[in-house]
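Engineer: can't give you the sequence, but here's the structure:
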């Protein structure tokens, strides 16, 4: 089992930020108004809360969730997010940056946490799925629309690809 001490501070920051990054990719794929943005944005935070409370959670997922609950952990995640997502890029660019970050997280998992990698990837895919399902897309004033838009479905597939283990290693 990998622990925080197995990672550099930057690598750990990437792991801490990864649930929010997964949600950001979904949000950027199909922005869904203020309430939808709030709901989708909260998916990563709720995933961290659930992981802390789940006795069966993967140890690395639980370690990330526990560290995120500290002010130092949140600061590390915030630093990583600000480093990657500042500069006022457009929505399409934000999605591409998020996917790139998830590929980077996948490589870190391949290198430093092989025993925990599959479970951590599955957890991140679950975070993205929850973000996609959090806000209704389309419709008017909350009526009609779909739970997961075609753009979000496509982004879920892109996230899955980004998190696929590197086969060239």
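Structural biologist: Arrived safely, thanks for sending. The structure displayed is predicted, hence computed values, not measured ones.
Engineer: helices or strands next to the one helix or strand in the chain whose mean pLDDT sits lowest in the packing?
Structural biologist: In the chain, no helix or strand scores lower on mean pLDDT, DSSP states H and E than helix 33-53, which sits at a mean of 79. Counting contacts by 3 or more C-beta pairs under 8 Å, 6 or more residues apart in numbering; DSSP states H and E, helix 33-53 is packed against helix 9-29, helix 59-68, helix 114-134. C-beta here means a position set from N, CA and C on the backbone, and glycine is covered the same way.
Engineer: Quick check: buried residues in the helix or strand following the second one?
Structural biologist: Sequence order places helix 71-85 as the next helix or strand after helix 59-68, per DSSP states H and E. Residues 73, 76, 77, 80, 81, 84, 85 are the ones in helix 71-85 that count as buried (16 or more other C-beta atoms under 10 Å).
Engineer: Looking at the helices and strands packed on helix 33-53, which one is packed in the most?
Structural biologist: Comparing the helices and strands packed on helix 33-53 by mean neighbour count (mean count of other C-beta atoms under 10 Å), helix 9-29 ranks first with a mean of 25.
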